[in-house]
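Chemist: structure of the sequence below:
(one chain, ligands or ions: 1)
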Amino acid sequence: MDERTAFRSTTQHMLKESKTYASQTLMGGLSGFESPIGLDRRDRIRALRTGDIGFVHSWDINTSVDGPGTRMTVFMSGCPLRCQYCQNPDTWKMRDGKPVYLEAMVKKVERYADLFKATGGGITFSGGESMMQPAFVSRVFHEAKAMGVHTCLDTSGFLNRNYTDEMIDDIDLCLLDVKSGDPDTYERVTGGILQPTIDFGQRLAARGKKIWIRFVLVPGLTDDEENVDKVARICLTFGDAVEHIDVLPFHQLGRPKWHELRIPYPLEDQKGPSKVCKDRVREQFESYGFRVY
Ligand code: SF4
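Modeler: The predicted structure follows:
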């Protein structure tokens, strides 16, 4: 996996602009989904709670980026965190997404089921924060599993409590962002707290799920040696569940979105990590016995 591909889970929308990525993408945006009509605010809230509808930012079909094989990645709207390095601030507000019926999403999975099975792929829910709409995501996963389709949840784990053990049972693989190992740094990076991520990783491990860890490397923010050691030690508590760690070097593909949305961008002048820094952090994780990309 090259560096640009590895970073993709948090830079999805920007990478669509690159020629290489365009050649991997079969379609995208929100094509193919009819929006529910005639639902008032109360109906929508009720349908959101039951998972009859979900608010979706966009979706696409891609290969070997958000999990194994050819995948349908669905970017859900809404996120409770405010990461300084967020590449998709346009997904933060759930109401900015488009409401999509559960049946329409399941039908879409069904349409590609043979392709997924042939390539070892499946469906990935990303965001935003996919666990902000647990009923919708878990119901789609349940239907996907019934079709024999591989399921992958891309999450920060911050909303650990939103997801029941039964919901976890329908996840095959989790792309878990461990954004920092030090609680204070985590708060500085995201505005949230670290413990729910640790709890979610441990619950996944206890239920026999596979985890790919994602760690975004930002000089002066997350690259501190002690912080990296703490991330590694957290990952050790997930045991054999961890298949590898993706070290994702920060870059500026998300900057135009912050400008467009007129949100003050804290990493305006951040240049991203040097090769020396990337090598040191990868070696640190390797020294704990992890496979690192
Ligand atoms: S978890 Fe952080 S990086 Fe991901 S969408 Fe939310 S704010 Fe952005």
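Chemist: what's the neighbour count on the residue lying closest to Cys86 once chain neighbours are set aside?
Modeler: Spatial nearest neighbour of Cys86, excluding adjacent residues (C-beta to C-beta, 6 or more residues apart in numbering): Gly254 at 6.4 Å. For the C-beta atoms, the positions are set from N, CA and C on the backbone; glycine is no exception. If you count neighbours by other C-beta atoms under 10 Å, Gly254 ends up with 22.
Chemist: ok, Cys277 next?
Modeler: 16.
Chemist: tell me where the chain is predicted with low confidence.
Modeler: Residue ranges of the chain with pLDDT under 70: 1-38.
Chemist: so where do the strands sit in it?
Modeler: Ranges of strands within the chain are 53-63, 70-76, 98-101, 122-126, 150-155, 173-177, 210-217, 242-249, based on DSSP state E.
Chemist: what's the most buried one of these?
Modeler: Mean neighbour count (mean count of other C-beta atoms under 10 Å) peaks for strand 122-126 among the strands of the chain, with a mean of 28.
Chemist: quick check: angle from that one to strand 53-63?
Modeler: Angle, strand 122-126 to strand 53-63, by axes from the mean of the first three to the mean of the last three C-alpha atoms, to 10 degrees: 120 degrees.
Chemist: around the ligand, pick out the residues from this structure.
Modeler: Within reach of the ligand by C-beta under 6 Å from any ligand atom, the chain has these residues: 10, 79, 81-83, 86, 88, 91, 127-129, 156, 190.
Chemist: give me the buried entries from those residues.
Modeler: Listed as buried from those are 10, 79, 81, 83, 86, 88, 91, 127-129, 156, 190; burial here means 16 or more other C-beta atoms under 10 Å.
Chemist: pull the contacting residues for Phe285.
Modeler: Contact partners of Phe285, counting by C-beta atoms under 8 Å, 6 or more residues apart in numbering, are 215, 228, 231-232, 235, 245, 247, 292.
Chemist: let's go with 6 Å and repeat that
Modeler: 232, 245, 292 (C-beta atoms under 6 Å, 6 or more residues apart in numbering).
Chemist: endpoints of stretch 216-236, how far apart?
Modeler: 18 Å (C-alpha to C-alpha, to the nearest Å).
Chemist: identify the bridge partners of the residue nearest in space to the middle of the chain.
Modeler: With distances taken as C-alpha atoms, centre = their mean, the chain has Asp154 as the residue nearest its mean C-alpha position (3.1 Å). Counting by DSSP bridges, Asp154 is bridged to Leu175.
Chemist: that one reaches Ser126, doesn't it?
Modeler: Yes. Contact between Asp154 and Ser126 holds when scored by C-beta atoms under 6 Å: they sit 3.8 Å apart.
Chemist: closest one of the buried ones among the residues of the chain next to the ligand to Ala205?
Modeler: Distances from Ala205 to these, taken as C-beta to C-beta, are shortest for Ser156 (16.7 Å).
Chemist: and the closest one, what does it touch?
Modeler: 81, 177.
Chemist: do Arg49 as well
Modeler: With contact set as C-beta under 6 Å, 6+ apart, Arg49 has no partners.
Chemist: which parts of the stretch 51-200 of the chain are helices?
Modeler: 102-119, 134-146, 165-168, 183-190, 195-206 (DSSP state H, counting those that start in this stretch).
Chemist: highest mean neighbour count out of those?
Modeler: helix 134-146 (a mean of 21).
Chemist: relative orientation of it and strand 53-63 in degrees?
Modeler: Going by the same axes, to 10 degrees, helix 134-146 makes 50 degrees with strand 53-63.
Chemist: report the distance from stretch 58-71 to the chain centre.
Modeler: 12 Å (C-alpha atoms, centre = their mean, to the nearest Å).
Chemist: tell me how far the ends of it are from each other?
Modeler: Stretch 58-71 stretches 14 Å from its first residue to its last (C-alpha to C-alpha).
Chemist: ditto for stretch 88-104
Modeler: 24 Å.
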